[in-house]
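*Asks:* Turn this into a model:
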Amino acid sequence: MPDAKQKFFDPRPESVGLARDFAVTTLSSWGLHSPAEDIRLCVSELASNALIHGSDYDHGFLVRLDTDDDFVRLEVHDSRPRHRREPKITHAAEIDITGRGLRIVSVLAAGWGVEDRRPSGKIVWMLFKTGQPGGQARAC
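*Replies:* Next up, the predicted model:
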């Protein structure tokens with residue numbers, strides 16, 4: 001198995017694109033092309049959320065990728081604690097420009113969740129089937 005890879009990104013809009021590039025480059029180096037586009041889209045959603053909603057002023061975010069025979073695990077770490085209530089999947093109106101992120105994640109990922117990060121902040125994680133022989137979907 002390849003070693004997990006992670007990278008910290010500064011709190012600026014360009015970091016979303018850099019995070020997408022990091023994910024695609026990492027997956028390609030692992031020979032995992034099948035889930036790359038879904039993961040790329042989800043990195044974009046989570047990185048944007050980390051910058052807009054999840055990080056304190058002047059704090060960036062960290063993207064971490066790990067894999068085994070069946071799944072790729074994507075994590076985005078930010079500096080704000082998770083909300084006490086569970087995240088809701090909303091139904092955005094056609095003209096809304098926000099509100100689709102968790103719906104996209106729930107459709108593309110085999111599983112996802114939010115965990116507390118110590119000493120502060122949270123980790124939003126997702127699992128994606130690798131598409132490799134023997135990989136099967138599972139609920140998390």
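*Asks:* For the helix or strand bottoming out on mean pLDDT in the chain, enumerate the helices and strands it packs against.
*Replies:* When the helices and strands of the chain are scored by mean pLDDT, DSSP states H and E, helix 101-108 comes last with a mean of 78. Applying 3 or more C-beta pairs under 8 Å, 6 or more residues apart in numbering; DSSP states H and E, one finds that helix 101-108 makes contact with helix 36-49, strand 122-129. C-beta here means a position set from N, CA and C on the backbone, and glycine is covered the same way.
*Asks:* Reformat these as a markdown table; add distance to residue 78, mean neighbour count and mean pLDDT.
*Replies:* Shown next, in a markdown table, are these (distance: least, C-beta to C-beta, whole Å; neighbours: other C-beta atoms under 10 Å; pLDDT from 0 to 100):
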| stretch | distance to residue 78 | mean neighbour count | mean pLDDT |
| --- | --- | --- | --- |
| helix 36-49 | 8 | 20 | 92 |
| strand 122-129 | 6 | 21 | 93 |
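*Asks:* before we move on, back to that, tell me which helix or strand comes right after the least confident helix or strand of the chain.
*Replies:* strand 111-116 (DSSP states H and E).
*Asks:* Go ahead and measure how far that following strand is from the middle of the chain.
*Replies:* Here the centre of strand 111-116 is set off from its chain's centre by 10 Å, with C-alpha atoms, centre = their mean, to the nearest Å.
*Asks:* How about it, which residues are buried there?
*Replies:* 111, 112 (16 or more other C-beta atoms under 10 Å).
*Asks:* Which other helices and strands does the longest helix seen in the chain contact?
*Replies:* Selection of the longest helix in the chain by residue count, based on DSSP state H, yields helix 14-29. On a contact count with 3+ C-beta pairs under 8 Å, 6+ apart, helix 14-29 meets strand 5-9, helix 36-49, strand 61-67.
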